[in-house]
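1. After the sequence you'll find the predicted model.
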Amino acid sequence: MRTQNLVWALAATHFVGRAGGVARPFLVLYLTQERHLSPTTAGAVVAAIGVGDIGSQLLGGWLGDRIGRRHTMLVGFLGAAGALIALGSADTTPAICAAAAAVGLTSELFRPAGSAAVADLPARERVRAFGRLFWAANVGFTVSTVAAGVLVRHGYGVLFWINAVSAVLAALIVWRHVPETHAPTPPATRRALLPVLMRDPVMLAMAGIHIVYFATFLQTFSTLPLIMAGDGHGPELYGAALALNGILIITVQPIAVRLLEGRDKAAVLAVSMLLGGVGAGLDAVVHSGTGYAMSVLVWTLGQIGIAVMFGATFADLAPADLRGTYMGVASTTWSLGAVLGPLLGTALLENAGRTVLWAACSATGLALFAAQHAIAPALRRRASVPAAHRNLATKGTH
């Protein structure tokens, strides 16, 4: 029962945090229209938040192992609330940049800490728990996309305040309902992440595989709208595609958790990555709304499979004393993919055309499928070794 309460409380924080995340989608418009920054400067501010997100993932994992999962989540949510208010109030470029950096460094602290709290659960309970967190976050994201479009009619300022209030509400949920799951590590036995990580080729390989996957998957949010516009479709059709993605996740993902629980994680990841690549590759040959809907269906099924197994797989790899930092590294694979994907995809689209871009996505899906199968035996061996024994196996790396 305590496990269920913990998972539901964490899911509630993910829902509230994402449902209230109404400021960032309109940040460029706010900066250019209300603060009168140039598009280039506004883009730099948004990029600063993205870079901060990467640091936030790593810092959140490190803090989760040092001061505990609960305290890290509280620092993250409350810090993000203050940073969001500062960003919405700043009226000079240096102040805006400083506040944006603070938003980036605090807004994702909760993610690796919450993932580490789930990783502290018995292995048999992790797949369902991680699936519930992913589902709650996506329901919250769906709510935020609808709410933001309505709320912005009352001005951009209200978006920052609502975003900040949602962060405070998430902190209250943590304070009241999330217990600490991490036993403190004595200072004398604490280990640095980097030496351990450099001796862990399986973790490094999995991180690399997922960076490539996320860079490929995120073409759906960077180059796909450009491709659809090139076919003469307006932004409404792309919005409908995103809505279909959200509806599929909300309806199918709970079923997928039940169907996939207990199955081989590496096999599910391999097939899911293949679906992601093939789904993206379909966009080279489709031109109608129906065709794009079929593409969305295929890559969303891959997205769901990754989401169901992602956290539990990396939790299997983590030594007991470095769960937070390992989950932080896992989270950064998304952030790095989000940086690399749009840069590489738009360059390939501009210089080689849509057919080459989407053929590259399909080929990448096949390569990821093969790579995931190649690493599968090592993943199974690691999952069969208790975390405490994994911890001992890497002793001596201080």
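-> That came through fine. Residues are numbered from 1 along each chain as shown.

2. Contact partners for residue 59?
-> Residue 59 is in contact with 105, 109, 328, counting by CB atoms under 8 Å, 6 or more residues apart in numbering. Where you see a C-beta, it was placed from the backbone N, CA and C, and this is true even at glycine.

3. Ignoring the adjacent residues along the chain, who's closest to the last one?
-> Spatially, and ignoring its direct neighbours in sequence, residue 328 is nearest to residue 61 (2.1 Å; CB to CB, 6 or more residues apart in numbering).

4. I figured residue 193 hits residue 66, correct?
-> No. Counting by CB atoms under 8 Å, residue 193 stays clear of residue 66, with 11.2 Å between them.

5. quick one: the residue nearest to residue 328 from residue 219, how far?
-> 27 Å (CB to CB, to the nearest Å).

6. Output the lowest mean pLDDT helix or strand found in this structure.
-> Least confident helix or strand of the chain, by mean pLDDT, DSSP states H and E, is helix 387-393 with a mean of 54.

7. Which parts of the chain belong to which domain?
-> 1-122+152-184, 189-398 (automatic domain parsing).

8. Now render those domains as JSON lines, adding distance to residue 138.
-> Shown next, in JSON lines, are the domains of the chain (distance: least, CB to CB, whole Å):
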{"stretch": "domain 1-122+152-184", "distance to residue 138": "8"}
{"stretch": "domain 189-398", "distance to residue 138": "5"}
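
9. okay, and for the stretch 1-150 of the chain, where does confidence drop off?
-> Under the criterion pLDDT under 70, the flagged ranges of the stretch 1-150 of the chain are 1-2, 149.

10. which residue ranges form the helices in it?
-> Along the stretch 1-150 of the chain, the segments classed as helices by DSSP state H, counting those that start in this stretch run 2-19, 27-29, 39-66, 69-89, 93-107, 110-119, 126-151.

11. So which of those has the densest surroundings on average?
-> Of these, the one with the most neighbours on average (mean count of other CB atoms under 10 Å) is helix 110-119, at a mean of 30.

12. Please compute how far that helix lies from its chain's middle.
-> Between the centre of helix 110-119 and the centre of its host chain there is 12 Å, according to CA atoms, centre = their mean, to the nearest Å.

13. likewise stretch 158-166?
-> For stretch 158-166, the distance to the chain centre is 21 Å (CA atoms, centre = their mean).

14. Name the residues of that stretch that are buried.
-> Residues of stretch 158-166 classed as buried: 159, 160, 161, 162, 163, 164, 166 (neighbour count, 16 or more other CB atoms under 10 Å).

15. Just give me the closest of those residues to residue 263.
-> For the buried residues of stretch 158-166, the residue nearest residue 263 by CB to CB is residue 166; the value is 35.0 Å.

16. Not counting its neighbours along the chain, what's nearest the closest one?
-> Spatial nearest neighbour of residue 166, chain neighbours left out: residue 20 (2.1 Å); criterion: CB to CB, 6+ apart.

17. give the contact list for that neighbour.
-> For residue 20, the contact set (CB under 8 Å, 6+ apart) comprises 140, 144, 162, 163, 165, 166, 167, 169, 170.

18. cool, residue 168 as well?
-> Contacts of residue 168 (CB under 8 Å, 6+ apart): 77, 78, 81.

19. quick one: the first one from residue 14, how far?
-> Meaning residue 77. 11 Å.

20. try the last one
-> Separation of residue 81 from residue 14 (CB to CB): 16 Å.

21. before we move on, what about the second one?
-> To residue 14, residue 78 is 17 Å away according to CB to CB.

22. for the closest residue to residue 260 other than its chain neighbours, helix, strand, or coil?
-> Among residues not flanking residue 260 along the chain, residue 308 sits closest, at 5.2 Å (CB to CB, 6+ apart). Under DSSP: H, G, I helix; E, B strand; the rest coil, residue 308 falls in the helix class.

23. just to revisit the earlier point, looking at the buried residues of stretch 158-166, which has the smallest pLDDT value?
-> Model confidence across those bottoms out at residue 159, which has 88.

24. isn't it right up against residue 152?
-> Yes. Applying CB under 8 Å, one finds residue 159 in contact with residue 152, separated by 6.4 Å.

25. Between those two, which contacts overlap?
-> Between them, residue 159 and residue 152 share the contacting residues 22, 26, judged by CB under 8 Å, 6+ apart.

26. show me where the stretch 251-398 of the chain has helices.
-> 265-281, 289-317, 323-352, 354-383, 387-393.

27. Just say which of the ones you listed is most tucked in.
-> Neighbour counts (mean count of other CB under 10 Å) averaged over each of these peak at helix 265-281, with a mean of 24.

28. what's in contact with stretch 141-159?
-> Under CB under 8 Å, 6+ apart, the answer for stretch 141-159 is 18-23, 25-26, 29-30, 33-34, 88, 162, 242, 246, 250.

29. Please disregard the earlier target; I meant stretch 336-344.
-> Identification of contacts with stretch 336-344 by CB under 8 Å, 6+ apart yields 50-51, 54, 210-219, 221-223.

30. Any of the residues you listed buried? List them.
-> Buried positions within the contacts of stretch 336-344, assessed by neighbour count (16+ other CB under 10 Å), are 54, 210-219, 222-223.

31. Closest one of the contacts of stretch 336-344 to residue 324?
-> The closest of the contacts of stretch 336-344 to residue 324 turns out to be residue 54 (CB to CB; 16.1 Å).

32. wait, what's in contact with the closest one?
-> Residue 54 makes contacts with 332, 335, 336, 339, as judged by CB under 8 Å, 6+ apart.

33. Which one of these is nearest to residue 287?
-> Of all those, residue 287 sits closest to residue 339, with 29.8 Å by CB to CB.

34. Against residue 374, how distant is that closest one?
-> Between residue 339 and residue 374 the distance is 26 Å, computed by CB to CB.

35. and if you look at residue 127?
-> 23 Å.

36. quick one: low-confidence ranges for the stretch 151-300 of the chain?
-> 184-190.
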